[in-house]
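Chemist: pasting the sequence and the predicted model now:
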Number of protein chains: 2
Amino acid sequence: MNSGASEPAHEPALIGIDWGTSSLRAYLLGRRGDVLDRIVSSDGILQVGRDGFEAVFDALVRQWPGIAGLPVLASGMITSRSGWVETPYLAAPLGADELARALVAYRTAGGTDLHFVTGMTSEHDVGPDVMRGEETQVIGACAQGASGGVFVLPGTHSKWVRVSGGRILDHATFMTGELFAALRGHTILGALIEPGPFDADGFARGVDAGLAQRSSLLHDLFHVRTLPLLGRLGGTAVADYLSGLLIGTEIAAGAARDPRADDTNGGHPRPVTLVGRSDLADRYEIAFGRAGLPTRRAPEDIVATGHFTIARAAGLVPR
Amino acid sequence: MNSGASEPAHEPALIGIDWGTSSLRAYLLGRRGDVLDRIVSSDGILQVGRDGFEAVFDALVRQWPGIAGLPVLASGMITSRSGWVETPYLAAPLGADELARALVAYRTAGGTDLHFVTGMTSEHDVGPDVMRGEETQVIGACAQGASGGVFVLPGTHSKWVRVSGGRILDHATFMTGELFAALRGHTILGALIEPGPFDADGFARGVDAGLAQRSSLLHDLFHVRTLPLLGRLGGTAVADYLSGLLIGTEIAAGAARDPRADDTNGGHPRPVTLVGRSDLADRYEIAFGRAGLPTRRAPEDIVATGHFTIARAAGLVPR
């Protein structure tokens, strides 16, 4: 922690916290935004609950002695109604500057000043959309060079974010991950699922059915029952067929939102930037490939770069 | 029960049982197919379980003394893998004659001969579909005069059945009811639902969003969260908005399956026949109305007419 004058980049300058529903990621960042240390825990807001946030925060920063006085940015569902401090949504389009101006300051009982990054809304003809936390990830990815195109963040609520010139134009949410869990666990579709390793063929068949958009998902889902019932899909392939059907359906709908994305790379489709290093992101990469859409992976720790970029725009760390 | 020669129509001639997942309806039918008596219970196959069917059946027919020797037809999920006797599926198109030839005979331990009406499959480009029991209802509705058009049977698994000349051309299943229950009970969409009476405006808004088909259901579902979150939908309207969104989505997809239905009634849309007397069927009637599609209601007890029609085609009751 004691950096000499010859190593100013490695001198701690910022703490960034990505505090989500089911996990917490904290970063100690240097004066150029490099990650000096990271702490990952399962202290998501659902686990911690309303009265526990300050204690978790205090225990967290005690692991980094000598950081008193550093600015702290926190993003994610920690600013939701179920979080520590509910903050308003900022309307798209927006970039780091708007997020910096909208930071919500909060002093803990222990006297530490926190700055909450607020969530954002996108207004569409079909209805409003919201997200909290992903905007900081995308701002970070932009600062690392991917300043345009479509970003996809797979998860419980998959987010599609359109970006141009380092600014977020708008976004849309697909309930793919949560719907998969509800269907598998709480409908008749779970009845014919047999456990097994990843079934690439079953997944691919599901993706293709979803991409084809030949009927409504309300109807296509019933094939997750009829195909194994009639002996046309093995029991150990059923869960992956369902997963593929949902992801393929999402990609067909998401790609249809932005046909322009196909015309911005010399006639070739511009790669979709996939955020995340999970098995789920691997599934999306396969599914995008079957859709004929190239992908690239965002670097790790883009959320920390997002915290740093917003903090710098707010004047909380020196330029 | 003792009918004189002057009342042959009221002499018992057939027992028909509609034995589904969650309920059992048994009918005592006269020689012209009129319903002499009915017994309704909650002894669905899920409640009864594999070892209990014969006992439930015996207790049932004991309520009708003097019916020994009458033919018995049973239809519904009782012929599924979770039922009493699993029977094969019959492929569409089909009518009462094919169902009569495919009856599966079964003698109970007590010596009663049962005839199971088997289920049916419809093959579509997008995948196979199945149903058990609804085919008997539709055959019954046809025998009562509605011999063509589209029949919709709302429920856990909503069925759309296309009929011509008293024969079933094909059918498609939509998992609307089961998806509603899973989403309400086991996803974040349930969190903002507040109890209340039927909210007609919330339901209508959901129906219209579903009918518009402006995006994928995977995305539209998220509006069930964002609209109340942003104060644009009251908490007591959320459940009905979700219900409407799903039903509207189903109707848009179902109507798209059969555009020809619009050209068979002198340029006017031919009415869709709604089967069922439930609150759910009332919701479908409202939603079809918002879609500009006229509906009519099938008479009650059409399943008993179906049993009678199939039994007569099989020579089990005199013509």
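Modeler: Sure thing, it's come through.
Chemist: do the longest helix anywhere in chain A and chain B meet at all?
Modeler: Once chain A is assigned using DSSP state H, the helix that runs over the most residues is helix A:238-257. Yes - interface with chain B: helix A:238-257 contributes A:246, A:249-250, A:252-253, A:257 (CB under 8 Å from any CB of the partner chain). In short, each C-beta sits where N, CA and C put it, glycine included.
Chemist: what separation is there between the residue with the largest distance to the centre of chain A and A:Phe222?
Modeler: Relative to the centre of chain A, the most outlying C-alpha is that of A:Leu230, 38.2 Å out, by CA atoms, centre = their mean. According to CB to CB, to the nearest Å, A:Leu230 stands 12 Å off from A:Phe222.
Chemist: how many neighbours does the residue of the stretch 101-250 of chain A found nearest chain B have?
Modeler: The nearest approach of the stretch 101-250 of chain A to chain B comes at A:Ser216, 3.3 Å away (CB to the nearest CB). The number of residues packed near A:Ser216 is 25, by other CB atoms under 10 Å in any protein chain shown.
Chemist: excluding chain neighbours, give the residue nearest to it in space.
Modeler: When the adjacent residues along the chain are set aside, A:Ser216 lies closest to B:Ala253, with 3.3 Å between them (CB to CB, 6 or more residues apart in numbering or on different chains).
Chemist: which stretches in chain A count as helices?
Modeler: In chain A, helices defined by DSSP H lie at A:45-48, A:53-62, A:96-101, A:134-143, A:176-186, A:200-212, A:217-220, A:223-229, A:238-257, A:279-290, A:302-313, listed in chain order.
Chemist: how about the strands in the stretch 1-150 of chain A?
Modeler: A:12-19, A:24-30, A:35-41, A:72-75, A:90-91, A:104-107, A:113-116, A:120-124, A:127-131, A:149-153 (DSSP state E, counting those that start in this stretch).
Chemist: list the buried ones in the longest one?
Modeler: By neighbour count on 16 or more other CB atoms under 10 Å in any protein chain shown, the buried set for strand A:12-19 is A:12-19.
Chemist: verify the contact between A:Glu134 and A:His157 for me.
Modeler: No - A:Glu134 lies out of contact with A:His157 (CB atoms under 8 Å); the separation is 9.2 Å.
Chemist: and those two? which has more neighbours close in?
Modeler: For A:Glu134 versus A:His157, neighbours defined as other CB under 10 Å are more numerous around A:Glu134 (27 against 21).
Chemist: please name the bridge partners of A:Leu14.
Modeler: Note on A:Leu14: beta-bridge partners by DSSP bridges are A:Leu29.
Chemist: ok, back up a step: and the residue nearest to A:Ser216, how far is that from A:Ala256?
Modeler: 16 Å.
Chemist: neighbour count: these two, which is higher?
Modeler: Using other CB under 10 Å, the more surrounded residue of B:Ala253 and A:Ala256 is B:Ala253, with 21 against 11.
Chemist: was I right about that one contacting A:Arg214?
Modeler: No - counting by CB under 8 Å, no contact exists between B:Ala253 and A:Arg214, whose distance comes to 10.2 Å.
Chemist: domain ranges for chain A?
Modeler: A:8-144+A:301-313, A:176-297 (automatic domain parsing).
Chemist: just give me how far the first one sits from the chain centre.
Modeler: Translated: domain A:8-144+A:301-313. In terms of CA atoms, centre = their mean, to the nearest Å, the gap separating the centre of domain A:8-144+A:301-313 from the centre of its chain is 13 Å.
Chemist: cool, and the last one?
Modeler: Domain A:176-297 has its C-alpha centroid displaced from the chain centroid by 18 Å (CA atoms, centre = their mean).
Chemist: neighbours of the nearest residue to A:Arg257 once chain neighbours are set aside, how many?
Modeler: Nearest non-adjacent residue to A:Arg257, counting by CB to CB, 6+ apart: A:Ala172, 6.2 Å away. With neighbours defined by other CB under 10 Å, the count for A:Ala172 comes to 25.
Chemist: could you verify my assumption that A:Ala172 touches B:Leu221?
Modeler: No - in this structure, A:Ala172 sits apart from B:Leu221 without contact. The criterion is CB under 8 Å, and the distance is 11.9 Å.
Chemist: coming back round to it: deepest-packed of the strands of the stretch 1-150 of chain A, please.
Modeler: When neighbours are counted by mean count of other CB atoms under 10 Å in any protein chain shown, the highest per-stretch mean among the strands of the stretch 1-150 of chain A falls to strand A:72-75, a mean of 27.
Chemist: other residues contacting it?
Modeler: Residues outside strand A:72-75 that contact it (CB atoms under 8 Å, 6 or more residues apart in numbering or on different chains) are A:14-19, A:61, A:84, A:103, A:112-117, A:132-133, A:135-136, A:303, A:306-307, A:310-311, A:316.
Chemist: ditto for stretch A:37-52
Modeler: By CB under 8 Å, 6+ apart, the residues outside stretch A:37-52 that reach it are A:19-28, A:53, A:56, A:60, A:63-64, A:77-78, A:80, A:82-84, A:301, A:304.
Chemist: so which of those residues reach chain B?
Modeler: Answer for these near chain B: none qualify (CB under 8 Å from any CB).
Chemist: what's the ChimeraX syntax to select whichever of these are buried?
Modeler: Under the burial definition 16+ other CB under 10 Å, those of those that qualify are selected in ChimeraX by:
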select /A:19,20,21,23,24,25,26,27,28,53,56,60,64,77,78,80,83,84,301,304
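Chemist: how about the residues of the stretch 51-200 of chain A near chain B?
Modeler: Within the stretch 51-200 of chain A, the positions adjacent to chain B are A:81, A:89, A:121, A:124-130, A:157, A:172-176, A:178-179, A:181-183, A:185-188 by CB under 8 Å from any CB.
Chemist: can you rerun that using 7 Å?
Modeler: Residues of the stretch 51-200 of chain A lying close to chain B by CB under 7 Å from any CB of the partner chain are A:125-130, A:157, A:172-176, A:178-179, A:182-183, A:185-188.
Chemist: can you select the buried ones from these in ChimeraX?
Modeler: In ChimeraX, a selection of the buried entries from those looks like this (16+ other CB under 10 Å):
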select /A:126,127,128,129,130,157,172,173,174,175,176,178,179,182,183,186,187,188
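Chemist: ok, so what distance separates the residue lying closest to A:Gly306 once chain neighbours are set aside from B:Leu94?
Modeler: The spatially closest residue to A:Gly306, leaving aside those adjacent along the chain, is A:Gly140, at 3.1 Å (CB to CB, 6+ apart). As defined by CB to CB, A:Gly140 lies at a distance of 60 Å from B:Leu94.
Chemist: ok, the two, which is more surrounded?
Modeler: Remark: of A:Gly140 and B:Leu94, A:Gly140 carries more neighbours, 28 against 20, as counted by other CB under 10 Å.
Chemist: tell me the contacts of A:Thr226?
Modeler: With contact taken as CB atoms under 7 Å, 6 or more residues apart in numbering or on different chains, A:Thr226 is in contact with B:127-130.
Chemist: I'd say A:Ala143 and A:Ala304 touch.
Modeler: No - assessed by CB atoms under 7 Å, A:Ala143 is found out of contact with A:Ala304, at 10.4 Å.
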